[in-house]
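Asks: Quick one: sequence and predicted model below, then my questions.
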Amino acid sequence: MADDTGVRLTVPAEPAALDTVQDALAGLWERSGVDAVTAMRFETGLVEITANVIEHSFDPDHPGREFTLVVEVGAAEVTAQLSDNGKPAAIDLSDVTLPDDDAESGRGLAIALATLDELTHEHRDGLNIWHLSLRRTVT
C-alpha cells in the first residue's frame, strides 16, 4: 500500500531491504508534503531501527525472516509500526546510552531515541513490534 498519507510493505529481513524502506519513504515524503526536518529526523530513527532488525533477524541458514512496516503521516505527527518475526529482542530502552567514541557499533538505538519523540518495543504473538512517532515540525 502506498498513498498520500502512508505506506505499507512486507519484505525479507535482508540487507537490501534498507534501500526498499528508504525508497518508500522518499516517495511518501514527496506525496505527503512532510517538511524536510521532520522527514530527516523520522527517517534517521526508522532506518536505525530497521537496520537493527535486519542485522539481528537476517540468517541465511534460516530463511523466512521478514518484517512489515506501516508508516502513516497525520496532520500533527508521523508514526510507524515495524514488526518482525525474528528472535525475541531483549531490550530495555530506558537503559540505552551511546557507546564509547571508539566503539564500532551500538549507536543505533541511542540515535533513534534522540531523533524520535517516542520509541517503544514489545514482543507479542511471536513478533518484535516497534512503535515510532514524531511530531511534525511547524513551518
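Replies: Noted; the coordinates are in hand.
Asks: Just grab the bridge partners of H123 for me.
Replies: Counting by DSSP bridges, H123 is bridged to N128.
Asks: how deep is it tucked in, by neighbour count?
Replies: H123 has 13 neighbouring residues, counting by other Cβ atoms under 10 Å. C-beta coordinates here come from the backbone N, C-alpha and C atoms, glycine included.
Asks: Show the pLDDT at it.
Replies: Here, the pLDDT recorded for H123 equals 90.
Asks: check contacts around it.
Replies: Listed by Cβ atoms under 8 Å, 6 or more residues apart in numbering, the contact partners of H123 are 88-89, 129.
Asks: Just after the least confident helix or strand in the chain by mean pLDDT, pick out the following helix or strand.
Replies: Lowest on mean pLDDT, DSSP states H and E among the helices and strands of the chain sits strand 2-3, with a mean of 65. Under the assignment DSSP states H and E, the closest C-terminal helix or strand after strand 2-3 is strand 6-12.
Asks: if I look at E30, how far off is R41?
Replies: To R41, E30 is 17 Å away according to Cβ to Cβ, to the nearest Å.
Asks: Does the residue nearest to the spatial centre of the chain belong to a helix, a strand or coil?
Replies: For the chain, L46 is the residue whose C-alpha lies nearest the centre (Cα atoms, centre = their mean; 2.8 Å). Recorded secondary structure, L46: helix (DSSP: H, G, I helix; E, B strand; the rest coil).
Asks: tell me which element T50 falls in.
Replies: Secondary structure from DSSP H and E places T50 in helix 36-57.
Asks: angle of the helix or strand following that helix against strand 6-12?
Replies: Downstream of helix 36-57, the first helix or strand assigned by DSSP H and E is strand 66-73. Angle of strand 66-73 versus strand 6-12, following axes from the mean of the first three to the mean of the last three Cα atoms, to 10 degrees, is 170 degrees.
Asks: What residues sit buried inside strand 66-73?
Replies: Neighbour counts over strand 66-73 (16 or more other Cβ atoms under 10 Å) mark 66-67, 69, 71-73 as buried.
Asks: Against which helices or strands is that strand packed?
Replies: Helices and strands touching strand 66-73, by 3 or more Cβ pairs under 8 Å, 6 or more residues apart in numbering; DSSP states H and E, are strand 6-12, helix 17-32, helix 36-57, strand 77-84.
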